[in-house]
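A.B. asks: Next come a sequence and a model predicted from it.
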Amino acid sequence: MKTVRYIFLLLSFFVALSCRKEVNIKLDTAYEGQLFIESILYPGEVPKVYLSISQPFFNEEVTPQEMFARGAQVSLFNGTETELLRPDSTFDKFRCRWVPFYRGGLLAEHGKTYGLTVTYAGKTYTAATTISQSKVNIDDIEYTAEFFDVYGGHDGVILRFVDAPGERNFYRFQMDRFLDTSRHHAHILEVIENDCTNGEKFWITDLGRTIFRDENSDGQEMELNAEVSFEYLRGDTAYIFLQSLDENSAAFFEDIDNQLQSILNPFVEPVFLKSTIEGTIGVFGSAVRSDTVLFVYPQDNP
């Protein structure tokens, strides 16, 4: 009798799963977009500030061009002079689309404090960062066919270096490569149809999503396991850096990574982004790169 009852319950469960119900969602047509600001200053490079306007969830206009905050006034003050940034753009050959931003002309300098001012739609936002992080160079790089983190098992690279002593340090991985359309994104972008390069190689910067801290490792040897985002074959070359981030930027990117974890895992508690810019969402910070290290893949994708 119990067996019959269990079978009946199972049948009822699967019937319930097979039911479909259409739900009409009333969209809020009075949605007001919010400005998002993203800018990381690197010594020896011109400043770039990315401004975009948030869109409703079901909005189809989500490319960088469509979300770009046009008509903003963006300026940087470095303690002695103020520079007005101008609209500019670069062409993303992997996704075949333009990416607009505001660009400066003066190279950022280590040791200086920079103030950012953005005026848009009648509102003004300010933020500041000091480029004071130590430059930490990579001592050794090793390929690994598998390591494990909260997302599971991955292939990647292992970076070894000595932490800068006497300060709180926050590190992330960077890999620059020349790719063509035969190398896909390892996770979510395989379906993108690239029809604008005709086999031409193009430059890709791959930034690690995980932030590494030197807690309990001040001045000691450290090891960083980094997952790569793009496919590779034996003999492919890459240029690897170690970024030293300021504390506010590190916290912001950690929140982004924690949000991704909560999306992928229902047992992870969601987090809210803590903006480094008062009055809006975004990050204004700085990073100091190590010297570049040439890396050659010893094998194909596992």
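C.D. replies: Looks like it arrived, so ask away.
A.B. asks: make it CA atoms for all contacts and neighbour counts henceforth
C.D. replies: Noted.
A.B. asks: any idea whether residue 44 is helix, strand or coil?
C.D. replies: Taken by DSSP: H, G, I helix; E, B strand; the rest coil, the conformation at residue 44 corresponds to coil.
A.B. asks: show me what contacts it?
C.D. replies: 107-109 (C-alpha atoms under 8 Å, 6 or more residues apart in numbering).
A.B. asks: ok, residue 218 touching residue 161?
C.D. replies: No: between residue 218 and residue 161 there is no contact under C-alpha atoms under 8 Å: 11.9 Å.
A.B. asks: From the contacts of residue 44, which land in helices?
C.D. replies: Judged by DSSP state H, those include no members of helices.
A.B. asks: between the residues you listed, which has the most around it?
C.D. replies: Using other C-alpha atoms under 10 Å as the neighbour criterion, residue 108 leads those with 20 neighbours.
A.B. asks: And the pLDDT for that residue?
C.D. replies: Looking at residue 108, its pLDDT reads 97.
A.B. asks: next one: phi and psi at the nearest residue to it once chain neighbours are set aside?
C.D. replies: Counting by C-alpha to C-alpha, 6 or more residues apart in numbering, residue 43 is the residue found nearest to residue 108 once chain neighbours are left out, at 4.7 Å. Residue 43 adopts backbone torsions of phi -60, psi 140, taken as degrees, to the nearest 10.
A.B. asks: Averaged pLDDT, stretch 205-225. What do you get?
C.D. replies: 92.
A.B. asks: Contacts for stretch 128-137, please.
C.D. replies: So stretch 128-137 is contacted by 41, 43, 109-116, 161-164, 169, 242, 244-246, 284-291 (C-alpha under 8 Å, 6+ apart).
A.B. asks: Quick one: mean pLDDT over it.
C.D. replies: 97.
A.B. asks: Distance of the residue lying closest to residue 218 once chain neighbours are set aside relative to residue 134?
C.D. replies: Spatial nearest neighbour of residue 218, chain neighbours left out: residue 165 (5.3 Å); criterion: C-alpha to C-alpha, 6+ apart. Separation of residue 165 from residue 134 (C-alpha to C-alpha, to the nearest Å) stands at 9 Å.
A.B. asks: quick one, which of these two is more surrounded?
C.D. replies: Comparing residue 165 with residue 134 by other C-alpha under 10 Å, the one with more neighbours is residue 134, at 19 against 13.
A.B. asks: Could you tell me which residues make contact with residue 213?
C.D. replies: 168-171.
A.B. asks: Please, where are all the strands along the stretch 1-150 of the chain?
C.D. replies: 35-41, 48-53, 73-77, 82-84, 86-92, 97-103, 113-120, 123-130, 138-149 (DSSP state E, counting those that start in this stretch).
A.B. asks: Thanks again, I'm all set now.
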